[in-house]
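*Asks:* what follows is a predicted protein model with its sequence.
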Amino acid sequence: QVQLLESGGGSVQPGGSLRLSCVASPSGWTLSGYILAWFRQAPGKEREFVTGIRWTGGSTTVTDSLKGRFTISRDSAENTIYLQMNTLNPEDTAVYYCAAKRGAVILSTSSLYSDWGPGTQVTVSS
C-alpha cells in the first residue's frame, strides 16, 4: 500500500506552465516494483491517464495527445514524482490525481491502480 499526496495545483492562464508534485509513502518503505502515474478528471468526464513512470529503471510513457507538453519525472531520494505541464490550455482544466500500482508495466486503465491521492485542482482560464 502507498499513501499519496499531490500538491502544486492552482489557476494559470492559457499558455502557462505548472508543476505538480506527488509524495509517495509506501508501507514497505520502498517503491521498487511500483508504477506511479498521473491521471486527470475534468467535470463530467471520465478519469483519463496522463502519464506514468516505472519506479525501478525510470521508464516513462505519456498519452499521445499530451506528448511534448507534459513530462513526468521522479526524485528517488524524496519518493516524489512530478508532472511538468507546459503550454496549458483550458481543456487541461481538471483534478489531477497521483496513483500507484504494483507491477512492471505502465497501464492506462485507472481501475488497475490500487492507491490514489486526493487530487489537486488545475484550472486554466484567462
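*Replies:* Received, thanks.
*Asks:* which of the three states applies to the residue most central in space within the chain?
*Replies:* The centre of the chain sits closest to Trp38, judged by Cα atoms, centre = their mean, with a distance of 2.1 Å. Following DSSP: H, G, I helix; E, B strand; the rest coil, Trp38 is assigned to strand.
*Asks:* for the residue nearest to it when sequence neighbours are not counted, phi and psi?
*Replies:* The shortest distance from Trp38 to any non-neighbouring residue, by Cβ to Cβ, 6 or more residues apart in numbering, is to Val50 (4.2 Å). (Glycine included, C-beta is placed from N, CA and C.) Phi and psi for Val50, reported as degrees, to the nearest 10, are phi -110, psi -60.
*Asks:* my read: Val50 touches Leu66, true?
*Replies:* Yes. Contact between Val50 and Leu66 holds when scored by Cβ atoms under 8 Å: they sit 6.2 Å apart.
*Asks:* pick out whichever of those two has more residues nearby.
*Replies:* Val50 (23 against 18; other Cβ atoms under 10 Å).
*Asks:* need the pLDDT of that one.
*Replies:* With respect to pLDDT, Val50 has a value of 98.
*Asks:* show the contacting residues for it.
*Replies:* Ala37, Trp38, Phe39, Arg40, Val62, Thr63, Leu66, Phe70, Leu83, Tyr96 (Cβ atoms under 8 Å, 6 or more residues apart in numbering).
*Asks:* kindly report the same for Gln3.
*Replies:* Ala24, Ser25, Pro26, Ser27, Asp115.
*Asks:* which of those residues fall in strands?
*Replies:* Ala24, Ser25, Pro26, Asp115 (DSSP state E).
*Asks:* how about Ala42, nearest residue that isn't a chain neighbour?
*Replies:* Nearest non-adjacent residue to Ala42, counting by Cβ to Cβ, 6+ apart: Ala94, 4.2 Å away.
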